[in-house]
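Undergrad: 3D model of this:
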Amino acid sequence: MIGIKHLKTIATLKETGSLVNTARELFLTQSALSHQIKDLENKLDCQLFERKTQPVRFTPQGMLLLELAHEILPKMEATKCRLKESLNQPISQLRLSVECHACFHWLLPTIKEFNNFWPDIKIDYERGFSYDAIPDLLNDELDLVLTSDIREPDTLEYAHLFDFKLKLIVAPDHELAKKAYVTALDLKNETIISYPIPRERQDIFKYFIQNARFDGTLKTVDQGLLIFQLVSAGMGVAALPDWLVTPYESQGLIKSIPLGALGLTRPMYLAMKKDMKDNPVYRHFLNTCKLNNGR
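TA: Now for the predicted structure:
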């Protein structure tokens, strides 16, 4: 009753957030996609997601099917990879670095899941975080880099993983907490707390504050938990990805606010050498990242 194509459709719908993008990703017409989903809902006698929501909001029944997709699809991909492995040069390790501190929230579980299928392949992430890891990738000192910024596109392949919202977080009693959204002017005199990344590489300055006047203070700390503690104590504000913000906001420790009326959306890519983009091991790690982001 439930086929692999249905699971791929549900997983892609979660990833893209819309029927239009899902149809494009799966090379289907919108009519064919709508028919496929409607046929599945009729067979299951339930609605899988709410129509006319952006991004798509799944029903409890849809979430159960999504969980099944997250369980089955990586196993299918791993099996395909193993079948192809004999045709490719064996890989014993993947050297990984990230240009996003907050990625460790979902990356470590992703690595664990990947190693469940590839126990003989070591994920070497001893380099951990680097605000500029692309030169090492170009010099063959790394195999994979998680990044939001495309550089050297003629030499490197940037596989899109997902898009995320960057949210401003403040203490619940902060004067900005009641605003529907913040402007660059609202941050003019604030203390902005961030990971130790050069100001010119920080998304909040590069894509939001930009050329607006900033007379405040930039305070850097190494640990994400400390950022939340400082913000909750009213000692500054911070801009962090939505997946990291949600658990703390649900406890009432902080309040999140969109950056601008439309919010600030940023992409996440997995960068690699172009000649490795079709390698089955790389593809499996890529797909595992896509399925695990923000969960």
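
Undergrad: hey, where'd the helices end up in this structure?
TA: Along the chain, counting by DSSP state H, helices occupy 4-16, 19-25, 30-44, 60-85, 104-117, 134-138, 203, 224-232, 242-250, 280-292.

Undergrad: and the contacts of the last one?
TA: Judged by C-beta atoms under 8 Å, 6 or more residues apart in numbering, the contacts made with helix 280-292 from elsewhere in the structure are 11, 15, 69-70, 73-74, 77-78, 80-81, 84-85, 88, 91, 94, 106-107, 109-110, 113-114, 117-118, 121, 143-144, 146, 159, 161-162, 270, 272, 276-277. For every residue, glycine as well, the C-beta is placed using N, CA and C.

Undergrad: now, of these, which are buried?
TA: Among the contacts of helix 280-292, the ones that count as buried by 16 or more other C-beta atoms under 10 Å are 11, 15, 69-70, 73-74, 77-78, 81, 91, 94, 106-107, 110, 113-114, 117-118, 121, 143-144, 146, 159, 161-162, 270, 272, 276.

Undergrad: any weak-confidence spans in the stretch 51-200 of the chain?
TA: 81-90, 126 (pLDDT under 70).

Undergrad: show me where it has its strands.
TA: 57-58, 93-98, 122-124, 144-147, 156-170, 191-194 (DSSP state E, counting those that start in this stretch).

Undergrad: dump these into CSV; add distance to residue 228 as well.
TA: Listed next are the strands of the stretch 51-200 of the chain as CSV, based on distance: least, C-beta to C-beta, whole Å:
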stretch, distance to residue 228
strand 57-58, 27
strand 93-98, 19
strand 122-124, 27
strand 144-147, 22
strand 156-170, 7
strand 191-194, 9
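
Undergrad: so of those strands, which one's packed in deepest?
TA: strand 144-147 (a mean of 24; mean count of other C-beta atoms under 10 Å).

Undergrad: strand partners (parallel or antiparallel) of it?
TA: Using DSSP bridges, the strands paired with strand 144-147 are strand 93-98 (parallel), strand 264-273 (antiparallel).

Undergrad: and it, how far from the chain's centre?
TA: How far strand 144-147 lies from its chain's middle: 12 Å, per C-alpha atoms, centre = their mean, to the nearest Å.
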